[in-house]
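# From the sequence below, what's the structure:
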Amino acid sequence: MSSDATTAVPVPPVLDTPGALDQEPAAHGLGTSLPQAESRAKTEGTFPYAADLWAEGLLWAAILRSPHPHARIVSVDTTAATAMPGVRAVVTAADVPGAATYGRRVADRPVFASDLVRHHGEAIAAVAADHPDTARLAAAAISVEYEVLDPVTDPEKAFAAEALHPDGNLIRHIPLRFGDPEATGEVIVEGLYRIGRQDPAPIGAEAGLAVPRPDGGVELYTASTDPHTDRDLAAACFGLQAEQVKVVVTGVPGATGDREDPGFQIPLGLLALRTGCPVKLTATREESFLGHAHRHPTLLRYRHHADAEGHLVKVEAQILLDAGAYADSSSESLAAAVAFACGPYVVPHAFVEGWAVRTNNPPSGHVRGEGAMQVCAAYEAQMDKLAAKLGVDPAELRMRNVMATGDILPTGQTVTCPAPVAELLAAVRDFPLPPLPKDTPEDDWLLPGGPEGAGEPGAVRRGVGYALGMVHMLGAEGMDEVSTATVRVMDGVATVICSAVDTGSGFSTLARQIVQETLGIDDVQVAPVDTDQPPAGPSAHGRHTWVSGGAVERAAKMVRTQLLQPLAHKFGMSTELLQITDGKITSYDGVLSTTVMEAMDGKELWATAQCRPHPTEPLDADGQGDAFVGLAFCAIRAVVDVDIELGAVRVVEMAVAQDVGRILNPAQLATRIEAGVTQGVGAALTENLRTARGLVRHPDFTGYALPTSLDAPDIRIVKLVEERDVVAPFGAKAASAVPVVTSPAAVASAVRAATGRPVNRLPIRPQAAVAVPNS
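Okay, the predicted model is just below:
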């Protein structure tokens, strides 16, 4: 490997957040706001990401993508591209030496389309050239003859449509049956809901560098969030053994889903192996939108039954996930959607049908809060309808039905973790409301639409809405959630070796805090991640805080024992009677007092440990089973101002109360909650990757509207419930996903309150926010 290529492990910036998390920063250890090691480099713009990598003799890659969502490939002619000066290689499906298909969950996606194109932007060929412009021109020069076919873009029609894939159009069907199907309530409300296609929209688009090795293997430098799985998939397609492929994780420029889809990495590696040269690919924003997975667009039908007092009796639901062209994580997303279809409420009887189907729409996959976000928007809309029909305050209706520890999910699993849902709801309900906007010219910027908007103050209505959300932590349905970590101490420096990728979750900082607290050593380094290290699994569902943090803690405690045993033996006491504080080792009786450095005496100490949570099981034929390791909950109260004539919406405030288990890093936790709420606001109001008959429209940040700092509401973290989950290391829970799940539903609830409209689609379109007459 050329020494010119640079890699690094990223950590997110720490923000000073006022409110519930204010505290003076301590020196180190758990519970303090330890800053990230790379904060300064990221602030100054010197932190290296994959797009910054370079190697001697570098070539540039470009990928030819299909302009059609569904077509038969008649022929592919690469003659003109190959003949262009500066072009070093062109590869198509015929040049893939190993497995022709890949997939993190189901291997159904071709490296390059060879017979059929199944979605707009599917890869057809890849080119390596000595200049990026040459590579792009060569890709455009490849001649492909297509027989255009009618696309299947309506997931409801996919059931009867001709099979789009050899595996058929149905990816998974989950029927959930819980309780008495004949049960009914005195009050019934129904609704039909549609959730759009949110994109992860990482600020840094996909990029990578592939470097061939002398042994015939290849090294992939990329911002992978699951390096060992990506290595195994790439090796299978390259026709190589896993040990011949090494994935080195570079800086991760934003990740709220699976980053660096193998569809970017595998062509890159093929070109490096073909040319014998390092090859770099930096995706354009359009390629990024076309190439990676998005949140599942979802159609939901609900019927809620309640008694005259508003207590839920039965929930019936049908949930249809549009998986796009390939399966990806659709099975897991569907399981979450079906399991959480009733929300964090006690429901004696539940009957839910869930399907995930293939279409010719862009592929869907893992995006933070997948499955749970879509159903939260629907069941909370149902709770608003039920409250209106009963004439009950929406918060009060929710309070009458909230779940608690010991209750049973519709999957039959008992909630054994802390579930302080009532406490969270009470906290946001009782928090003071923000002041009303003033009808004065100097406050025009407060109007929906901003200072240049056409709205009038007299047309603005304020709405207050509530939502309760839940997510599962770690993988589900029998996934083996294990992580391995090594802690090595030498010359007063501790090094953590763990292949857990920090995607913004703050794991790198957490690992440092764990070792500092356990060993009393200030100087803790986290080694860069690569696949020479044991696997730690994907960065999703808070798993690295739990399993990777747990592995680091166990390894650090083993080193602690190695450090203290000689002293304990010398003084005739147990190691449990010795403590390490601020770099000093002392005994309970004060007889022993020395520093960690003195006790080390030049020795090198190290230990490796694993952490594996208790097993789960797949849902059975009736949707029953203990499928989840743990759960996390959130309550949000949204306050919005709506111009009822124009349909413009301004989110004024989001009051958040969250079940966090234990606060490990206050500033970091606040940042993650704020980011999750903001991402949810985007899903509620602006973010929707639009398609027309399968063609992605405006795949850029002009057509796809991310919320900016001007759109971000005032986020008030009003309560963090620290009730530790006894089966989790440190007792902490996942923090990022549950506010993403909950905030879109809260915003929609508030818009309903302001306008009197049903608001049954996300994102909320202006015409849906125009008030009904006399509202």
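# would you list every one of the helices in the stretch 101-250 of the chain?
Per DSSP state H, counting those that start in this stretch, the stretch 101-250 of the chain carries helices over the ranges 132-141, 227-238.
# Burial-wise, tell me which of those helices comes out on top.
helix 227-238 (a mean of 23; mean count of other C-beta atoms under 10 Å). (Glycine included, C-beta is placed from N, CA and C.)
# Save the helices of the stretch 101-250 of the chain as a markdown table, and put in mean pLDDT too.
Formatted as a markdown table, the helices of the stretch 101-250 of the chain follow (pLDDT from 0 to 100):
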| stretch | mean pLDDT |
| --- | --- |
| helix 132-141 | 97 |
| helix 227-238 | 95 |
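# Would you mind giving the ones you listed as a markdown table with distance to Arg612 added?
Below are the helices of the stretch 101-250 of the chain laid out as a markdown table (distance: least, C-beta to C-beta, whole Å):
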| stretch | distance to Arg612 |
| --- | --- |
| helix 132-141 | 44 |
| helix 227-238 | 16 |
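# Kindly state which of those helices is positioned closest to Asp643.
helix 132-141 (44.0 Å; C-beta to C-beta).
# Which other helices and strands does the closest one contact?
Helices and strands touching helix 132-141, by 3 or more C-beta pairs under 8 Å, 6 or more residues apart in numbering; DSSP states H and E, are strand 59-65, helix 79-83, strand 87-91, strand 123-129.
# deepest of these, which one?
strand 123-129 (a mean of 27).
# Adjacent strands (with direction) for that strand?
strand 59-65 (antiparallel), strand 87-91 (antiparallel) (DSSP bridges).
# Centre of the chain to that strand, how far?
29 Å (C-alpha atoms, centre = their mean, to the nearest Å).
# Put the alpha carbons of it into CSV.
Provided in CSV are the C-alpha atoms of strand 123-129 (Å, rounded to 0.1, in the frame of the first residue of the first chain):
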residue,chain,number,x,y,z
ALA,A,123,-24.9,0.1,-12.8
ILE,A,124,-24.2,-1.3,-16.3
ALA,A,125,-20.4,-0.9,-16.5
ALA,A,126,-17.4,0.9,-14.9
VAL,A,127,-14.4,2.6,-16.4
ALA,A,128,-10.9,3.4,-15.1
ALA,A,129,-8.9,6.2,-16.7
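# Please determine how far Pro200 is located from Val740.
Here the criterion is C-beta to C-beta, to the nearest Å. By it, Pro200 lies 11 Å from Val740.
# cool, Ser709 as well?
On the measure of C-beta to C-beta, Ser709 and Val740 end up 18 Å apart.
# who's more crowded, the two?
Val740 (31 against 6; other C-beta atoms under 10 Å).
# which residues does that one contact?
For Val740, the contact set (C-beta atoms under 8 Å, 6 or more residues apart in numbering) comprises 256, 368-369, 373, 676-677, 679-680, 683.
# Over to it. Which of the three states is it?
Following DSSP: H, G, I helix; E, B strand; the rest coil, Val740 is assigned to helix.
# what separates it from Ala272, distance-wise?
Counting by C-beta to C-beta - Val740 and Ala272 are separated by 36 Å.
# try Met600
43 Å.
# re earlier: now flag whichever of the contacts of Val740 is closest to Leu646.
Closest to Leu646, out of all of those and judged by C-beta to C-beta, is Ala683, at 21.3 Å.
# returning to that earlier point: figure out which of the helices of the stretch 101-250 of the chain is closest to Gly465.
Per C-beta to C-beta, nearest to Gly465 of the helices of the stretch 101-250 of the chain: helix 227-238, 39.2 Å.
# Can you pull out the residues in contact with the closest one?
96-100, 102-104, 111, 218, 220, 222, 224, 241-242, 244-247, 249, 260, 262, 265-266, 269-270, 273, 499, 501, 529-531, 535-538.
# hmm, which of the residues you listed are the buried ones?
For the contacts of helix 227-238, a neighbour count by 16 or more other C-beta atoms under 10 Å gives the buried set as 96, 99-100, 102, 104, 111, 218, 220, 222, 224, 244-247, 249, 260, 262, 265-266, 269-270, 273, 499, 501, 529-531, 535-538.
# surely Pro267 meets Ala93?
No - the pair Pro267 / Ala93 is not scored as a contact, 10.9 Å apart, by C-beta atoms under 8 Å.
# Comparing these two, which residue is more hemmed in?
Between Pro267 and Ala93, Pro267 has the larger neighbour count (other C-beta under 10 Å), namely 28 against 17.
# sorry, back to before: and Met600 and Ala272? Which one has more around it.
Per other C-beta under 10 Å, whichever of Met600 and Ala272 has more neighbours is Ala272, with 26 against 17.
# Name all residues that make contact with the more buried one.
So Ala272 contacts 128, 210-212, 218, 278-279 (C-beta under 8 Å, 6+ apart).
# Now, those residues that are in strands?
Counted as lying in strands by DSSP state E, out of the contacts of Ala272, are 128, 210-212, 218, 279.
# Turn those residues into CSV, including distance to Gly57.
Below are these laid out as CSV (distance: C-beta to C-beta, whole Å):
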residue, distance to Gly57
Ala128, 12
Ala210, 12
Val211, 10
Pro212, 10
Val218, 15
Val279, 10
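# Nearest to Leu695 among those?
The closest of those, once distances to Leu695 are taken by C-beta to C-beta, is Ala128, at 28.3 Å.
# residue contacts, that closest one?
With C-beta under 8 Å, 6+ apart, Ala128 has these contacts: 59-61, 87-90, 135, 271-272, 274-275, 277, 279.
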